[in-house]
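Undergrad: Pasting the sequence and the predicted model now:
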There are 4 protein chains.
Amino acid sequence: MAKSQYEYVRKFEQDDALLPLTWVVIRVDGRGFSGFVARHEYAKPVDTRGAAVMDAAAKAVMEDMGDLVLAYGHSDEFSFVLPPSSNVYKRRASKLVSTVVSLFTGAFIAAWPAAFGPDVPLMEMPVFDGRTVVLPTRAVLRDYLSWRQVDCHINNLFNTGFWALVGDGDDPAVANKLLCDANSAQKNEILFSRFGINYNNEPELNRKGSIWIRDLEVTDYVDARGHAGFRVSRKLVNVNTDLIGDAFWTSAYPHLLADVKLKDHHKRIKAERAAAGHGADAPGASQ
Amino acid sequence: MAKSQYEYVRKFEQDDALLPLTWVVIRVDGRGFSGFVARHEYAKPVDTRGAAVMDAAAKAVMEDMGDLVLAYGHSDEFSFVLPPSSNVYKRRASKLVSTVVSLFTGAFIAAWPAAFGPDVPLMEMPVFDGRTVVLPTRAVLRDYLSWRQVDCHINNLFNTGFWALVGDGDDPAVANKLLCDANSAQKNEILFSRFGINYNNEPELNRKGSIWIRDLEVTDYVDARGHAGFRVSRKLVNVNTDLIGDAFWTSAYPHLLADVKLKDHHKRIKAERAAAGHGADAPGASQ
Amino acid sequence: MAKSQYEYVRKFEQDDALLPLTWVVIRVDGRGFSGFVARHEYAKPVDTRGAAVMDAAAKAVMEDMGDLVLAYGHSDEFSFVLPPSSNVYKRRASKLVSTVVSLFTGAFIAAWPAAFGPDVPLMEMPVFDGRTVVLPTRAVLRDYLSWRQVDCHINNLFNTGFWALVGDGDDPAVANKLLCDANSAQKNEILFSRFGINYNNEPELNRKGSIWIRDLEVTDYVDARGHAGFRVSRKLVNVNTDLIGDAFWTSAYPHLLADVKLKDHHKRIKAERAAAGHGADAPGASQ
Amino acid sequence: MAKSQYEYVRKFEQDDALLPLTWVVIRVDGRGFSGFVARHEYAKPVDTRGAAVMDAAAKAVMEDMGDLVLAYGHSDEFSFVLPPSSNVYKRRASKLVSTVVSLFTGAFIAAWPAAFGPDVPLMEMPVFDGRTVVLPTRAVLRDYLSWRQVDCHINNLFNTGFWALVGDGDDPAVANKLLCDANSAQKNEILFSRFGINYNNEPELNRKGSIWIRDLEVTDYVDARGHAGFRVSRKLVNVNTDLIGDAFWTSAYPHLLADVKLKDHHKRIKAERAAAGHGADAPGASQ
């Protein structure tokens, strides 16, 4: 197509490619969500319908961008994790953040009716903003995710107390002051002594937030010629659990942050099985 | 609220504030819109329902972000213009681009039913990406907008010819080749000789795209004490016209890019009226 | 030449090109210069030998980088101004700042002996750091330069008072306190009442700092065939004068920030002479 | 001190802090050094006096900036390595690059007379530019350094051949063509068959370039009360050796990239000695 004398303005678009071979987090946050939540009369402290909509939106982003390895969210935020090997959208910050926010917004709207039912229509469009954070190592990435989960814990403990107090007739300002002056142990004590609530028995969703991971799935098969083999694939899994401790990363999902291709996982598993004297690995081929 | 040992990860979020006192364009582009358009069977070359949805989405962004002075769009894109004086979201690139894209996506979805009617439901969520472009002067801003309108012209002339030829039974590949080899005059000639179409009579929406501006509105009044005055306000106006030539900027909307406050417009108008011997300006007060 | 498997690390060098069509200031500052100055026993408040070395260093930078239009400095700093049209070093920030600092450092060292003479050898290498500042308009550039000249004024007024007091036997801490508590008028009054110093009669170099400009020079000539003409060229000029007011920009050097090529200055002058009925411009050619 | 209305221009200086917890390389390159080298009649292919000046300049930078752990250079370039833990100059790119370039330029000039003697004065100031490169992991840092050493090898093999041929009377253009068409083995063969030069016997300085490291030094002592102890310190060491293979990093200098403090090295060594049954570590204290 013909070009014009105005083409030169292209050069004003500055390069915003993020540093190669680093972990990238794209975090989505609700804009003015306290108002949105109030106008849709969310249940307190956590509305399971609202959480389901956030989860569905995060799942849609994970499905759309296959490079993402994990998403963690709570309240009105979700953080999506791109591994060092990814070069999606040439790692351009504006492209990454805008696409994720657009996908998230659309999927949130799409998921609303199923979660809230016909009696609670979406009365206004939700608005999200986003940012990118570049993290050079796995250790810093884990600290980032721990930071968000600590935030979830702090907020939920406070909110659980606050809404219990207010539901019990306390003045909101008084309840707020009481909790702001209390440390964690004291907040737990208030919950237990006044309401018989053992905070540790509160739902994991409330206390831990929501984690989407692309877990490895190994499928054994026997092919038409009778040869045994196995396939390695990835599937989206949602869990509400602790990701601050080592167990999540070393025991439950030890390969989550390996940032290797499926064929390399296949090789590894084959070697592990061979070492363990496992017989079913002979002619297998990963997809 | 209590802090954690993980707070340090905050410092990995890098400053992306755009240069102060510059014009900023936030451009939204549809992702994979040729497929979206095909699956929703848009009319060719321009679907007025689809254009209405884009216009409604752009209007919603303009209404939400009061600092924006102009939006220009065609096809699946819209460019929003923020003036040098604006400090909205501290000019942070990721915040600006993600908020605009989220607003746009939500408003597009919201506007769909009214434009397409009950028989054409939205079958998938639209996805948009965005970018920011920093432009140091009014002259470069005008060149940027001219660049996009030239792009509209080139694409629409091509598409008008292409769909006329294909509608007339031409093979799409042959039609494509014919038009790619033709210059503008030849494309016009093909349209006229084969279809009797005078391209200049095609709808302005198709040929010029869509412009939202926040135009000045001057309202004269007489207050309770009988004193005459006037108010200056802004209102959103949509036009489909040429913005490459000077007329749009110097005759039609001479104050559009002035980047001054309403009270300063009031002062200016008052002085102009005084100079012209106009009597109605004595005790007026702008809002 | 052959490439290696390590070539990929090139992509870690991020693009740091500064926004096109903007004014760029590269400012050089002495690192730890109070110690350097003390060890070389600079005269107070301003050592003319030290200022001459700084001037020579700035001149060398101006001579090396022909695109620079102005340099302003005082004390241990110099700001170099690159116009919007310049694309030197592709406007890469690190390249610009490092080259200017290297040139400045080398030229400072080279200029030392002539300024300080054989009795005051350079006992240690001076160290400078640098930064780039992007300014979108002429107005902001003028404000930047005014900011630096105000800084020169504030510092020199203080230092003139301080060293007069200390030279008169005052305790440095007492002198410092006295001046920190005084406004400009009071500092002037201290100078006048105690030392008979009228601050406005202090050297312009001290009060205004040093300005290098690339001034236009018009040379009339008559060629071999008897045709009169003129040439326009640029030459480096050093002045110590006020650049905050309009006079410097509109009367003294009205074309300094025009950012146009010599041939366009030639055209302009030719047209001006023609309009003024000047006859000597007929077949002139600029270089 | 008083502020002025112009202070606002400060905000045009944009934040250029490099990503925390990453390796940072600051590379210095000679500007137009082929001319500088020719005018000072450097010996070919490598002038040991010129290399000594570069080494002295690099050493001065290492001495000035204590956070640097390694410098590697050859020809007219030197790369300085800052570890993830460093926060010197707040990791601001322009400050880092300009300071290093200024130090390097000054030290180069200072070192000239001792290296070249009274008969070869410095006839012009050398000019260097610089850049910063951010590298997220040790592996990428090693690849960066390998990249530069491969470059040294390629250039030196070529130059050794070229100057041998030209010294033998070959036309420079012919020699250039011959070598450009030859692979490494063929270049070696030319050197050996025509000049009896075994390239592997060429000086390590020429083939490997120059490496400055801050090596650990352990000093055992017995204090006044008869207690044995040891101190850990760092000292600058210059070597000309291979850094591409593992030996340099794992055998020769296994702690070079550990990025830990001296006191932590002390702890580690103490524990290692204890494990080895070493008795001398009891009451030692690191400095």
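TA: In hand now; what should we look at? Note that the coordinates shown come from a computational prediction; the quantities given were computed from them, not determined experimentally.

Undergrad: From here on, just use CA atoms for contacts and neighbour counts.
TA: OK.

Undergrad: mind checking how far A:Val53 is from A:Gly117?
TA: Taking CA to CA, to the nearest Å as the measure, A:Val53 falls 12 Å from A:Gly117.

Undergrad: Of these two, which one has the most company?
TA: A side-by-side neighbour count of A:Val53 and A:Gly117, using other CA atoms under 10 Å in any protein chain shown, places A:Val53 first with 21 against 11.

Undergrad: Let me see the contact set for the more buried one.
TA: A:Phe108, A:Ala111, A:Trp112, A:Ala115 (CA atoms under 8 Å, 6 or more residues apart in numbering or on different chains).

Undergrad: try 10 Å
TA: By CA atoms under 10 Å, 6 or more residues apart in numbering or on different chains, the contact list for A:Val53 reads A:Lys59, A:Ala107, A:Phe108, A:Ile109, A:Ala110, A:Ala111, A:Trp112, A:Pro113, A:Ala114, A:Ala115, A:Phe116.

Undergrad: now do A:His265
TA: Here A:His265 is in contact with A:Leu216, A:Val218, A:Arg231, A:Val232, A:Ser233, A:His255, A:Ala258, A:Asp259, A:Ala271, A:Ser286 (criterion: CA under 10 Å, 6+ apart).

Undergrad: Show me these that map onto strands.
TA: A:Leu216, A:Val218, A:Arg231, A:Val232, A:Ser233 (DSSP state E).

Undergrad: Can you give me the distance of the second one to chain C?
TA: Taking CA to the nearest CA, to the nearest Å as the criterion, A:Val218 is separated from chain C by 34 Å.

Undergrad: and of the contacts of A:His265, the nearest to chain C?
TA: Comparing the contacts of A:His265 against chain C with CA to the nearest CA places A:Asp259 closest, at 18.8 Å.

Undergrad: any weak-confidence spans in the stretch 1-150 of chain A?
TA: Applying pLDDT under 70 to the stretch 1-150 of chain A flags the ranges A:1-3.

Undergrad: Now do the same contact list for the closest residue to chain D within the stretch 101-250 of chain A.
TA: Closest approach between the stretch 101-250 of chain A and chain D, counting by CA to the nearest CA: A:Pro136, at 5.1 Å. Shown in contact with A:Pro136 (CA under 10 Å, 6+ apart): A:19-24, A:84, B:12, D:19-23, D:84, D:135-137.

Undergrad: One more pass at 7 Å, please.
TA: By CA atoms under 7 Å, 6 or more residues apart in numbering or on different chains, A:Pro136 lies in contact with A:Thr22, A:Trp23, D:Leu21, D:Thr22, D:Pro136.

Undergrad: For chain B, state which of the residues you listed is nearest.
TA: D:Leu21 (9.0 Å).

Undergrad: wait, isn't the closest one in contact with D:Ser85?
TA: Yes: with contact defined as CA atoms under 7 Å, D:Leu21 counts as touching D:Ser85 (5.9 Å).

Undergrad: If you drop the residues flanking it in sequence, what lies closest to the residue of the stretch 51-200 of chain A found nearest chain C?
TA: Across the stretch 51-200 of chain A, the shortest distance to chain C (CA to the nearest CA) belongs to A:Lys90, at 11.8 Å. In space, and not counting its chain neighbours, A:Lys90 is closest to A:Ala17: 6.6 Å by CA to CA, 6 or more residues apart in numbering or on different chains.

Undergrad: And that neighbour, how far from A:Val88?
TA: For A:Ala17 relative to A:Val88 (CA to CA), the value is 11 Å.

Undergrad: what about the residue lying closest to A:Phe116 once chain neighbours are set aside, distance to A:Phe108?
TA: Once flanking residues are discounted, A:Phe116 sits nearest to A:Arg49: 6.0 Å by CA to CA, 6+ apart. A:Arg49 sits at a distance of 12 Å from A:Phe108 (criterion: CA to CA).

Undergrad: between those two, which one's more packed in?
TA: More crowded of A:Arg49 and A:Phe108, by other CA under 10 Å: A:Phe108, with 24 against 18.

Undergrad: Show me where the stretch 151-287 of chain A has its strands.
TA: A:210-222, A:228-239 (DSSP state E, counting those that start in this stretch).

Undergrad: JSON lines please, covering those and showing mean pLDDT, mean neighbour count and distance to chain B.
TA: Output for the strands of the stretch 151-287 of chain A, formatted as JSON lines (pLDDT from 0 to 100; neighbours: other CA atoms under 10 Å in any protein chain shown; distance: least, CA to the nearest CA, whole Å):
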{"stretch": "strand A:210-222", "mean pLDDT": "96", "mean neighbour count": "18", "distance to chain B": "19"}
{"stretch": "strand A:228-239", "mean pLDDT": "96", "mean neighbour count": "16", "distance to chain B": "21"}
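
Undergrad: Pull the most distant pair out of the ones in strands among the contacts of A:His265.
TA: Spanning the widest gap among these are A:Leu216 and A:Arg231, at 10.1 Å by CA to CA.

Undergrad: Buried residues, stretch A:160-175. List them.
TA: Neighbour-count burial for stretch A:160-175, counted by 16 or more other CA atoms under 10 Å in any protein chain shown, picks out A:Thr160, A:Gly161, A:Phe162, A:Trp163, A:Ala164, A:Leu165, A:Ala175.

Undergrad: do that stretch and chain B meet at all?
TA: No: judged by CA under 7 Å from any CA of the partner chain, stretch A:160-175 makes no contact with chain B; its nearest approach is 13.7 Å.

Undergrad: what sits up against that stretch?
TA: A:Lys44, A:Pro45, A:Asn176, A:Lys187, A:Leu191.

Undergrad: what is the mean pLDDT for that stretch?
TA: The average of the pLDDT scores along stretch A:160-175 is 96.

Undergrad: got the residues of the stretch 1-150 of chain A near chain D?
TA: A:Thr22, A:Pro136.

Undergrad: Which positions in the stretch 51-200 of chain A make contact with chain B?
TA: Going by CA under 7 Å from any CA, the residues of the stretch 51-200 of chain A near chain B are A:94-95, A:97-99, A:101-103, A:105-106, A:125, A:127-131, A:133-135, A:143-144, A:146-147.

Undergrad: Please repeat the previous calculation with a cut-off of 8 Å.
TA: A:93-95, A:97-99, A:101-103, A:105-107, A:109-110, A:125-135, A:140, A:143-144, A:146-147, A:150, A:154, A:180 (CA under 8 Å from any CA of the partner chain).

Undergrad: which stretches of chain A form helices?
TA: Taking DSSP state H as the test, the helices found in chain A are A:33-39, A:48-64, A:93-116, A:138-167, A:172-180, A:184-195, A:204-208, A:247, A:262-275.

Undergrad: buried residues in the longest one?
TA: Within helix A:138-167, the residues that qualify as buried are A:140-165, counting by 16+ other CA under 10 Å.

Undergrad: I am finished for the moment; much appreciated.
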